[in-house]
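Peer 1: Okay, here's the prediction I keep looking at, along with the sequence it came from:
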Amino acid sequence: MIYTALTKKAMKICFNAHKEQLDKGGMSYVFHPFHLAEQMDDELSTVAALLHDVAEDTDITIEMFSDMGIPSEVTDALKLLTHRENVPYLEYIREIKKNEIARKVKLADLVHNSDTARLETVDEKAKRRLEKYNEAVRLLQERL
């Protein structure tokens, strides 16, 4: 983990936002963004990894992040990483590809979410989700 004043702020926001949530395997959800943050190699990507699901899964908005002092490079990536329901999944992935911070975080997110060891069971729904994630990884790894 990269420890700066900004990443520590993001860690606190992340923990407080997700501390009561569980992942699909029944584990504390906060482990997921912390795992992603560990994969990042710079401050801004680390912050984006920590905060990548906060706006999607809590009442905290991206605008609130700006008010909390999160830089625009991160909030721009978070806007892309927050999947809006009316946007088809692969279109969402293609937009993410245009922003390097968002692309790095989403690749790490997809790899971690594809780890079936995190699940209690791998049912048909999980298999379909893995197929979708594999296609997304392929798109994100292609050159623009």
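Peer 2: Happy to help now that I have it. Numbering: from 1, shown residues only.
Peer 1: so where do the helices sit in the chain?
Peer 2: 5-18, 31-39, 43-51, 54-57, 62-67, 72-81, 89-96, 100-113, 124-141 (DSSP state H).
Peer 1: Now do the second one: distance to the chain's middle.
Peer 2: Using CA atoms, centre = their mean, to the nearest Å, the mean C-alpha position of helix 31-39 is found 9 Å from that of the whole chain.
Peer 1: could you check the angle helix 5-18 makes with it?
Peer 2: Between helix 31-39 and helix 5-18, the angle comes out at 160 degrees (axes from the mean of the first three to the mean of the last three CA atoms, to 10 degrees).
Peer 1: What residues of helix 31-39 count as buried?
Peer 2: 32-37, 39 (16 or more other CB atoms under 10 Å). Using the backbone N, CA and C atoms, a C-beta is placed for each residue, glycine as well.
Peer 1: now those as a markdown table including distance to Asp53 and pLDDT?
Peer 2: Shown next, in a markdown table, are the buried residues of helix 31-39 (distance: CB to CB, whole Å; pLDDT from 0 to 100):
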| residue | distance to Asp53 | pLDDT |
| --- | --- | --- |
| His32 | 8 | 96 |
| Pro33 | 6 | 98 |
| Phe34 | 12 | 98 |
| His35 | 12 | 96 |
| Leu36 | 9 | 98 |
| Ala37 | 12 | 98 |
| Gln39 | 15 | 96 |
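Peer 1: can I get those in JSON lines with distance to Asn134?
Peer 2: Output for those, formatted as JSON lines (distance: CB to CB, whole Å):
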{"residue": "His32", "distance to Asn134": "19"}
{"residue": "Pro33", "distance to Asn134": "22"}
{"residue": "Phe34", "distance to Asn134": "24"}
{"residue": "His35", "distance to Asn134": "19"}
{"residue": "Leu36", "distance to Asn134": "18"}
{"residue": "Ala37", "distance to Asn134": "23"}
{"residue": "Gln39", "distance to Asn134": "18"}
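Peer 1: Return the member of those residues nearest to Lys125.
Peer 2: When the buried residues of helix 31-39 are compared for distance to Lys125 (CB to CB), His32 wins out at 18.6 Å.
Peer 1: Is Val47 in contact with Val74, as I believe?
Peer 2: Yes: using CB atoms under 8 Å, Val47 is in contact with Val74, at 5.0 Å.
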